[in-house]
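Q: Provided below are the primary sequence and the corresponding predicted coordinates.
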Amino acid sequence: MTRIRSMTVALALAAALAGCSTSGTATPASAPTTTDVTATTERAEPTSTTPTTTSSAAEPYVVASTRVTGSTVRATYDVAIPQLSGGNPAVTAEFNESMRAALQDQIDGDYGNDFALSDGYSTGTTYVGRRVISAEQITDWIAVPPGAHGNSLIATVTIDADTAQPITLGDAFIDLDVGLSRLSERAAAILPSTRAGASFERSGIEPTVANFGNWTASPEGMNIHFGDYQVGAYGIGLITISVPWSDLSDVLAPGMQDVLSS
């Protein structure tokens, strides 16, 4: 089963760790456990859960969350991630597994330090449309022992509700490079009106997948989620912009606007 796993980590952590001394041994944790809002079965190393799907495709999707806890050699984690029930069982399963895979990527990341993951200081949104389901996961990262402050890790998942397959930036655009260039151009126009201001960090919007890989769909447009330090100082917090579909319609793959906006 194909999954999308997308995180903004390097920019935030490289900037944060450069000025901090954070070495040590991970705090011991109890045996990994999980608590789910629906029926679950345990997964191995590290512990996660998969809900049992009993709903028919005629039922609506219901957004809830699953708390995943446990530890590895380098990390401890206690994080709630969005999960679905109801709806098309194939879509629900793909979304839930993709969200768990995204968290697993964060758990397995090599940040140069032992670390702990917990719920982010804000909660990402989950959009459930007629043809698309799209969610942002925000996780708090902190070194063990702690440095000056923690950082936010971002992961996004977008699933085509018609095919039960993930949608990547490469799928969304006719030509990925052209699409990235358009996103970069529009971000430059929109960011001055955000907390980043006119002096935003321009390296954070260079037309690369690393800069624009964290995106979600909405009826209004493509939401781009920028991580800590990506477009400005840590103090401005996480920045999200929405690029209207009308600004992207000529570079999107045929039919993709209808899928992503519905």
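A: Received, thanks.

Q: Select the longest helix from this structure.
A: helix 89-108 (DSSP state H).

Q: Let me have it in PDB, keeping just the CA atoms, if that works.
A: Written as PDB, here are the backbone C-alpha positions of helix 89-108 (Å, rounded to 0.1, in the frame of the first residue of the first chain):
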ATOM      1  CA  PRO A  89     -13.000   1.400   4.400                       C
ATOM      2  CA  ALA A  90     -10.100   1.600   1.900                       C
ATOM      3  CA  VAL A  91      -9.900   5.300   2.300                       C
ATOM      4  CA  THR A  92     -10.100   5.200   6.000                       C
ATOM      5  CA  ALA A  93      -7.400   2.500   6.200                       C
ATOM      6  CA  GLU A  94      -5.000   4.400   3.900                       C
ATOM      7  CA  PHE A  95      -5.500   7.700   5.800                       C
ATOM      8  CA  ASN A  96      -5.000   6.100   9.200                       C
ATOM      9  CA  GLU A  97      -1.900   4.100   8.100                       C
ATOM     10  CA  SER A  98      -0.400   7.200   6.400                       C
ATOM     11  CA  MET A  99      -0.800   9.300   9.600                       C
ATOM     12  CA  ARG A 100       0.900   6.600  11.600                       C
ATOM     13  CA  ALA A 101       3.600   6.300   9.100                       C
ATOM     14  CA  ALA A 102       4.200  10.000   9.200                       C
ATOM     15  CA  LEU A 103       4.600   9.900  13.000                       C
ATOM     16  CA  GLN A 104       6.900   6.800  12.700                       C
ATOM     17  CA  ASP A 105       9.100   8.900  10.400                       C
ATOM     18  CA  GLN A 106       9.400  11.500  13.200                       C
ATOM     19  CA  ILE A 107      10.100   8.900  15.800                       C
ATOM     20  CA  ASP A 108      12.800   7.300  13.600                       C
END
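
Q: And His149, how close does it get to Val178?
A: Counting by C-beta to C-beta, to the nearest Å, the separation of His149 from Val178 is 38 Å. Quick note: C-beta positions are derived from backbone N, CA and C, even for glycine.

Q: State whether Ser65 is indeed within a strand.
A: Yes: counting by DSSP: H, G, I helix; E, B strand; the rest coil, Ser65 is found in a strand.
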